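[1] Structure of the sequence below:
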Amino acid sequence: MADLTPIEQIVVKAMEELGATKDTVIKTADDITKKSNRPKGLVTNALVTLSQKGVIKRVAREKAAGYYVVKA
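    Alright, predicted model coming up:
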């Protein structure tokens, strides 16, 4: 995780603590925001960049998108 920014590291850690480490256990941006105790905009931006880096996966759903860690 050396190439991740501090906020990205916090987001990944929060996701791991929530158990969002496989596609059967996905968490929303709101869940991750509450767990990480950071502003939602910051968390949302981190989720986008983490997804682009291939660290997490975004799953589109009817209501809110879900996320899980692919590799830490």
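[2] C-alpha from now on. contacts and neighbour counts both.
    OK.
[3] any chance you could map the helices in this structure?
    For the chain, the helices defined by DSSP state H occupy 6-18, 29-36, 40-53.
[4] what does the last one contact?
    The list of residues contacting helix 40-53 from outside it, by Cα atoms under 8 Å, 6 or more residues apart in numbering, reads Ile7, Glu8, Val11, Ala29, Asp30, Ile32, Thr33, Ile56, Lys57, Arg58.
[5] so what's the closest residue to the last one other than its chain neighbours scoring on pLDDT?
    Right, Arg58. Excluding its sequence neighbours, the residue lying closest to Arg58 (Cα to Cα, 6 or more residues apart in numbering) is Tyr67, at 4.7 Å. On pLDDT, Tyr67 comes in at 96.
[6] same thing with Ala72?
    Predicted confidence (pLDDT) for Ala72: 59.
[7] Also Lys27?
    Note for Lys27: predicted pLDDT of 96.
[8] What is the neighbour count of it?
    Using other Cα atoms under 10 Å, Lys27 has 22 neighbouring residues.
[9] So it sits against Glu17, correct?
    No. Look at Lys27 against Glu17 with Cα atoms under 8 Å: they stay out of range, at 11.0 Å.
[10] partners of the residue nearest to Arg58 in the sheet?
    Taking DSSP bridges as the rule, Tyr67 bridges to Lys27, Arg58.
[11] Please list all residues in contact with it.
    Taking Cα under 8 Å, 6+ apart, we find Tyr67 in contact with Ala20, Ile26, Lys27, Thr28, Ala29, Ile56, Lys57, Arg58, Val59.
[12] how about 7 Å then?
    Ile26, Lys27, Thr28, Ile56, Lys57, Arg58, Val59 (Cα atoms under 7 Å, 6 or more residues apart in numbering).
[13] List only those of these flagged as buried.
    Using 16 or more other Cα atoms under 10 Å as the burial test, the contacts of Tyr67 include Ile26, Lys27, Thr28, Ile56, Lys57, Arg58 as buried.
[14] picking up where we left off before, can I get the helices of the chain in JSON lines with distance to Lys63?
    Shown next, in JSON lines, are the helices of the chain (distance: least, Cα to Cα, whole Å):
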{"stretch": "helix 6-18", "distance to Lys63": "19"}
{"stretch": "helix 29-36", "distance to Lys63": "12"}
{"stretch": "helix 40-53", "distance to Lys63": "16"}
